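> Only the shape, not the letters, is given here:
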């Protein structure tokens with residue numbers, strides 16, 4: 001099976017879970033907001049950190065990746081580049097903060113994690129390196145998005161030091177110290193079992209959020225959505241391939257790099273925009289348009305990535 005076909009199946013399967021979530025929330029759940037908050041706590045604050053911890057503990061090999069510590073620096077470089085590009089294209093198209101946030105903040109963990117797990121297995125070294133690459137990302141977006149929106153909020157250490165960050169750092173320290181072999185097998189098994197819940201829960205949440213945002217939508221922003229898809233799904237990953245070529249970024253860092261450039265916006269953006277009094281439905285339409293095209297655009301760019309020999 002070609003990488004295009006395999007990537008398409010992986011992406012379609014994850015979005016299929018989101019479709020199931022959409023119809024479940026549409027038909028059978030009464031207090032939808034409360035259920036979504038519970039699932040968010042279960043999936044993001046509990047299952048995802050457990051998944052990060054178990055994957056790194058099992059598959060991170062400092063000897064195989066002696067330059068592992070520069071991965072967060074590459075994330076910083078990518079973030080600066082995407083920030084400048086997002087600002088430039090937002091100004092050129094005369095769009096506002098909502099457009100900029102959707103363009104700038106990519107879904108840097110959930111979609112790449114699902115794609116890489118589907119391509120290489122959930123216990124692969126590539127997935128472990130993804131968590132090291134994005135270890136500062138959760139803290140960054142929870143602080144920066146409200147700042148861009150001009151929302152004043154109390155300082156909360158949970159936003160600065162997220163549970164995913166703690167789990168990632170703890171697992172890396174244990175591996176570097178070489179004491180991972182002393183952890184009982186039942187503890188590792190428990191962490192792995194809980195962590196395996198993260199992907200389906202996260203995409204069920206995605207479907208529920210889409211339902212809540214689109215259920216009462218009366219206005220559709222077709223032109224802006226098409227322009228957004230051109231930028232997010234075509235131009236950004238094209239520039240990502242160019243950067244990989246120019247800077248000779250090795251695998252698996254280059255794979256993580258292209259995934260970060262090609263994925264749809266962060267699913268938390270519509271929620272935070274709505275809390276700030278912005279147009280949540282508009283932001284969610286940008287996400288849905290990008291996610292639908294993503295089923296074809298990502299496999300296409302992964303196919304080009306493979307053919308160019310990266």
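Arrived safely, thanks for sending. Note that the coordinates shown come from a computational prediction; the quantities given were computed from them, not determined experimentally.
> buried set for the longest helix seen in the chain?
Longest helix in the chain, counting residues (DSSP state H): helix 280-307. For helix 280-307, the neighbour count (16 or more other Cβ atoms under 10 Å) marks 280-291, 293-295, 297-305 as buried. Heads up, the C-betas are built off the backbone N, CA and C, glycines and all.
> From the chain's centroid, how far away is it?
12 Å (Cα atoms, centre = their mean, to the nearest Å).
> Can you show me the helices along the stretch 151-300 of the chain?
Using DSSP state H, counting those that start in this stretch, the helices of the stretch 151-300 of the chain run over 157-160, 163-177, 185-195, 198-214, 222-229, 236-247, 253-262, 268-275, 280-307.
> Could I get the average pLDDT for the last one?
Summarised as a single mean, pLDDT over helix 280-307 is 92.
> helices and strands around it, which ones?
Counting contacts by 3 or more Cβ pairs under 8 Å, 6 or more residues apart in numbering; DSSP states H and E, helix 280-307 packs against helix 3-27, helix 97-104, helix 198-214, helix 222-229, helix 236-247, helix 253-262, helix 268-275.
> now for the fifth one, which elements pack on it?
Using 3+ Cβ pairs under 8 Å, 6+ apart as the contact definition, the elements that helix 236-247 packs against are helix 71-92, helix 253-262, helix 280-307.
> could those go into CSV alongside distance to residue 229?
Formatted as CSV, these follow (distance: least, Cβ to Cβ, whole Å):
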stretch, distance to residue 229
helix 71-92, 13
helix 253-262, 12
helix 280-307, 5
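> In contact with the nearest residue to residue 87 once chain neighbours are set aside: list those residues for me.
The shortest distance from residue 87 to any non-neighbouring residue, by Cβ to Cβ, 6 or more residues apart in numbering, is to residue 100 (6.5 Å). Contacts for residue 100 (Cβ atoms under 8 Å, 6 or more residues apart in numbering) come out as 86-87, 90, 148.
> quick one on the thing from earlier: residue 195 is nearest to which of the helices and strands packed on helix 236-247?
Nearest to residue 195, of all the helices and strands packed on helix 236-247, is helix 253-262, at 19.1 Å by Cβ to Cβ.
> which residues are contacting that closest one?
71, 74-75, 78, 82, 106, 108, 111-112, 115-116, 126, 129-130, 133, 233, 236-237, 239-241, 243-244, 249, 294, 297-298, 301-302, 305, 310.
> ok so, going back, lowest pLDDT pick from the contacts of residue 100?
At the low end of pLDDT for the contacts of residue 100 is residue 148, which has 79.
> Run the angle between the helix or strand hosting it and helix 268-275 for me.
Using DSSP states H and E, the element containing residue 148 is helix 137-149. Counting by axes from the mean of the first three to the mean of the last three Cα atoms, to 10 degrees, helix 137-149 lies at 30 degrees to helix 268-275.
> Would you mind getting the angle between helix 137-149 and helix 97-104?
Using the same axes, to 10 degrees: helix 137-149 against helix 97-104 is 160 degrees.
> Identify the residue spatially nearest to residue 244, adjacent ones excluded.
Here the residue nearest residue 244, using Cβ to Cβ, 6+ apart, is residue 254, at 4.7 Å.
> so how far is residue 14 from the one you found?
22 Å (Cβ to Cβ, to the nearest Å).
> Between these two, which has more neighbouring residues?
residue 14 (24 against 20; other Cβ atoms under 10 Å).
> Test my guess that the more buried one contacts residue 107.
No - with contacts counted by Cβ atoms under 8 Å, residue 14 stays clear of residue 107, the gap being 10.9 Å.
> returning to what we had before: with distance to residue 94 as added columns, please give the helices of the stretch 151-300 of the chain in CSV.
CSV is the format used below for the helices of the stretch 151-300 of the chain (distance: least, Cβ to Cβ, whole Å):
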stretch, distance to residue 94
helix 157-160, 31
helix 163-177, 36
helix 185-195, 43
helix 198-214, 24
helix 222-229, 11
helix 236-247, 19
helix 253-262, 24
helix 268-275, 18
helix 280-307, 15
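> and residue 44, what is it in contact with?
Contacts of residue 44 by Cβ under 8 Å, 6+ apart are 164, 202.
> ok, now the one 10 residues further on?
Residues counted as contacts of residue 54 (Cβ under 8 Å, 6+ apart) are 171, 188, 191-192, 195.
> burial count for the residue lying closest to residue 167 once chain neighbours are set aside?
Among residues not flanking residue 167 along the chain, residue 49 sits closest, at 3.7 Å (Cβ to Cβ, 6+ apart). For residue 49, the neighbour count with other Cβ under 10 Å is 25.
> mind checking which helix or strand residue 49 is in?
helix 48-59.
> Near residue 163, how many other residues are there?
There are 17 residues near residue 163, going by other Cβ under 10 Å.
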